[in-house]
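# Using only what follows, build the 3D model:
(2 chains)
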2 protein chains.
Amino acid sequence: MEVDYRLYLVTDRDYLDDVELKDAVEQAILGGTTLVQVREKHASTREFYKIALQVKSITDYYNVPIIINDRIDVAKAVDADGVHIGQSDMPLKIARKMLGHDKIIGVSAGNIKEALEAQKGGADYVGLGAAFYTGTKKDIDKPIGIDGLKKICDEITIPSVAIGGVNETNYKDVLKSGVTGISVVSAILGKKDFKRAAQNLL
Amino acid sequence: MEVDYRLYLVTDRDYLDDVELKDAVEQAILGGTTLVQVREKHASTREFYKIALQVKSITDYYNVPIIINDRIDVAKAVDADGVHIGQSDMPLKIARKMLGHDKIIGVSAGNIKEALEAQKGGADYVGLGAAFYTGTKKDIDKPIGIDGLKKICDEITIPSVAIGGVNETNYKDVLKSGVTGISVVSAILGKKDFKRAAQNLL
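Here you go, the predicted structure:
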């Protein structure tokens, strides 16, 4: 599958007050979002499944791939286009075995070693982060930074997206580092106008 | 698969101080535990996967079926014998589609309606609970009680286990209600001698 990694939205319902996630995702897609990852860290399996189904009705309509964070069971249940797995999620080898080669598997990498391991293990892309300090994830040791992103991108051949603190003020510098795209949460969902926020980033 | 539901251990590592779960499970099996469900409500996917693999090395050795709580991805990753799903987990229909008919699927039911729905949906067994007030689950509205268990068991034809507050002082009354077996957490893992605790319940 040819995937457009330029503007990759990762969801976080905590940013949304009185708007449903699927509606926020639709606005983000209308603004140019090219890929959507549904991330639910506190939902029950049933809730995650339902949310994923709702978002998928939108992504399918606009022909934008949908990726599920961590949960291969949810991904399979809704027939998502793939999963994104972190270093504490299912091992890549097992994930690939469960999903087959037609699905996208992205892996979070925080350094060159993890990025090369993911590439060697057959990941379709790496999510490089945290690029910067961010309000979405509070437990960051030391962000990768622009120079760190550049060093990793020089070593890998698979697509990469930078995640963590990427926003409208730094995305141009981030893209110069060599990443294929940018991945954002609050830079879209933390704004009042999701569509315009996406347009400003594309 | 012919399953012996008489003494069904559900794991909870919070009860274990300086003993590994797989070792506790082994003692419980040596005491007569007939079925083991690995439940991990706070672990990362990778941790759950690793714990499940460890427990499975024991259950396989003693030829005792292993069931995974909630997570179909983990169940598939370790090739468990089945899953146990609650009312907030994956819908039964989807779970069956993902696991096929060779795997055990148990469903939690708190009343006759849920038990009959689970039976109609093709569950292999129901976990009836909470039978009584218990320290393991704090958010119980009103336990089913012995009479409630009896009423449910009179209506269903699939195997059932009572769970929630079942222990060495009440299990005989519980079994008189018509359930196939008892399911325990603290009545084994909350004791000093897991093997003896299991023996006392069998």
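
# Sketch out the low-pLDDT regions of chain A for me.
Within chain A, the ranges that satisfy pLDDT under 70 run A:1, A:136-138, A:140.

# Now for it: which strand has the highest residue count?
strand A:104-109 (DSSP state E).

# Wondering if it reaches chain B at all.
No - shown here: strand A:104-109 not in contact with chain B (Cβ under 8 Å from any Cβ of the partner chain), separated by at least 12.1 Å. All C-beta atoms are positioned from the backbone trio N, CA, C, and that covers glycine.

# From the rest of the structure, what touches that strand?
By Cβ atoms under 8 Å, 6 or more residues apart in numbering or on different chains, the list of residues contacting strand A:104-109 from outside reads A:1, A:3, A:37, A:65, A:67, A:81-87, A:92, A:95-96, A:99, A:114-115, A:117-118, A:121-129, A:152, A:161, A:163.

# What parts of chain A come near chain B?
Residues of chain A lying near chain B (Cβ under 8 Å from any Cβ): A:44-47, A:49, A:70-73, A:76-77, A:85, A:87-91, A:94, A:98.

# Can you give me the distance of residue A:28 to chain B?
According to Cβ to the nearest Cβ, to the nearest Å, residue A:28 stands 26 Å off from chain B.

# swap in residue A:163?
Distance from residue A:163 to chain B, counting by Cβ to the nearest Cβ: 18 Å.

# quick one, what contacts that residue?
Contacts for residue A:163 (Cβ under 8 Å, 6+ apart) come out as A:8, A:10, A:108, A:127, A:128, A:129, A:130, A:131, A:182, A:183, A:184.

# need the strands for chain A, in chain order.
All strands of chain A, identified by DSSP E, fall at A:7-10, A:35-38, A:66-69, A:82-85, A:104-109, A:125-128, A:160-163, A:181-184.

# thinking again about what came up before, roughly how far out does the longest strand of chain A sit from the chain middle?
A distance of 9 Å separates the centroid of the chain from that of strand A:104-109, by Cα atoms, centre = their mean, to the nearest Å.

# List the buried residues for the longest helix along chain A?
Taking DSSP state H as the criterion, chain A has its longest helix at helix A:45-61. For helix A:45-61, the neighbour count (16 or more other Cβ atoms under 10 Å in any protein chain shown) marks A:45, A:46, A:48, A:49, A:51, A:52, A:53, A:54, A:55, A:56, A:58, A:59 as buried.
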